[in-house]
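Colleague: Build me a model:
(one chain, ligands or ions: 2)
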Amino acid sequence: MSNLLTIAMPKGRIFIEAVELLRKAGYKLPPEFDDSRKLIIDVPEEGLRFILAKPMDVATYVEHGVADVGIAGKDVLLEEERDVYELLDLKISYCYLAVAGLPNTKMNDVAPRVATKYPNVAEAYFREQGEQVEIIKLNGSIELAPIIGLSDRIVDIVSTGRTLKENGLVEYERIKDVTSRIVVNPVSYRLKDQQIDDMVKRLSEVV
Ligand SMILES: Nc1ncnc2c1ncn2[C@@H]1O[C@H](COP(=O)(O)OP(=O)(O)OP(=O)(O)O)[C@@H](O)[C@H]1O
Ligand SMILES: O=P(O)(O)OC[C@H]1O[C@H](OP(=O)(O)OP(=O)(O)O)[C@H](O)[C@@H]1O
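Modeller: Ligands and ions are numbered 1, 2, ... in the order given. Prediction:
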């Protein structure tokens, strides 16, 4: 096992903002962080190892303890419900989860269909509303579903609202605000509490 504190970082849009925040907190991250296809980047001078993962997989690495710490969107944490501690809201990559669909349409009375990348979040939301829906799991381009008649509604991320607008969809309900969080493995937190607390402290000062 490495002595380096291992951090699972999401590739994609969170990555750039997270790197910027870590640098602001004083971590010297080499140029590899700006342009590289490497999936593991060690920064021994800082005592850190970064693994670059799919956003949906970050909490899985942390739950299994192959990463001590992870950076993950609240959307993913709600969807996956992994056994990890959420220690800090980094307040980056802001967006929100919402229900959307074609304008002026009601949900089908019998077995309304909801397409989403977040089946658990969607299921729980509609159950709370007292509505029984059929969930259709998609992996992206969710906005297609109501347009081509696959579903009555979607549950998806909205940021600027541009994707909804350009595809002729409207928002019906806002479910939850989303930002990225620092999560940790419970055992790592016991064994490496000083390193982890130091990182959380440094990050919380620049959030
Ligand atoms: N339009 C957006 N604006 C801001 N943050 C977003 C937006 N879409 C998603 N996010 C946040 O960024 C996280 C990662 O999204 P990103 O689009 O980088 O990856 P992804 O589409 O989930 O993954 P994949 O690599 O499988 O396409 C999401 O979990 C969410 O927290
Ligand atoms: O409100 P906006 O600023 O338009 O952003 C929202 C869009 O961003 C995300 O998609 P992403 O770009 O990750 O593509 P995806 O379809 O592969 O999920 C999300 O799923 C929406 O489609």
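
Colleague: Just want the phi and psi numbers for the residue nearest to the spatial centre of the chain.
Modeller: Most central in the chain under Cα atoms, centre = their mean is G73, positioned 2.4 Å from the mean C-alpha point. Torsion angles at G73 (phi, psi; degrees, to the nearest 10) stand at phi -70, psi 150.

Colleague: Spell out which parts of the chain neighbour ligand 1.
Modeller: Counting by Cβ under 6 Å from any ligand atom, the chain comes close to ligand 1 at 10, 12-14, 54-55, 73, 75-76, 93, 95, 140, 157, 159, 178. No exception for glycine: its C-beta is placed from N, CA and C like everyone else's.

Colleague: circling back to that earlier point, what sits against the residue nearest to the centre of the chain?
Modeller: 10, 14, 55, 93, 95, 178-181 (Cβ atoms under 8 Å, 6 or more residues apart in numbering).

Colleague: now do I154
Modeller: Counting by Cβ under 8 Å, 6+ apart, the residues that I154 touches are 99-101, 114-116, 142-143, 145-146, 169.

Colleague: re earlier: I'd like the contacts of G73 laid out as CSV, including distance to ligand 2 and secondary structure.
Modeller: What follows is the contacts of G73, written out as CSV (distance: Cβ to the nearest ligand atom, whole Å; DSSP: H, G, I helix; E, B strand; the rest coil):
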residue, distance to ligand 2, secondary structure
P10, 12, strand
I14, 11, helix
P55, 9, helix
S93, 11, coil
C95, 7, strand
V178, 11, strand
T179, 15, coil
S180, 14, strand
R181, 18, strand
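
Colleague: now, which of these sits nearest N120?
Modeller: V178 (14.6 Å; Cβ to Cβ).

Colleague: Stretch 122-141 near ligand 2 anywhere?
Modeller: Yes - using Cβ under 6 Å from any ligand atom, a contact is recorded between stretch 122-141 and ligand 2, made by 140-141.

Colleague: Does L22 touch L203 like I think?
Modeller: Yes - counting by Cβ atoms under 8 Å, L22 does reach L203; the two are 7.4 Å apart.

Colleague: Those two - which one has more neighbours?
Modeller: Ranked by neighbour count (other Cβ atoms under 10 Å), L22 and L203 place L22 first, with 25 against 21.
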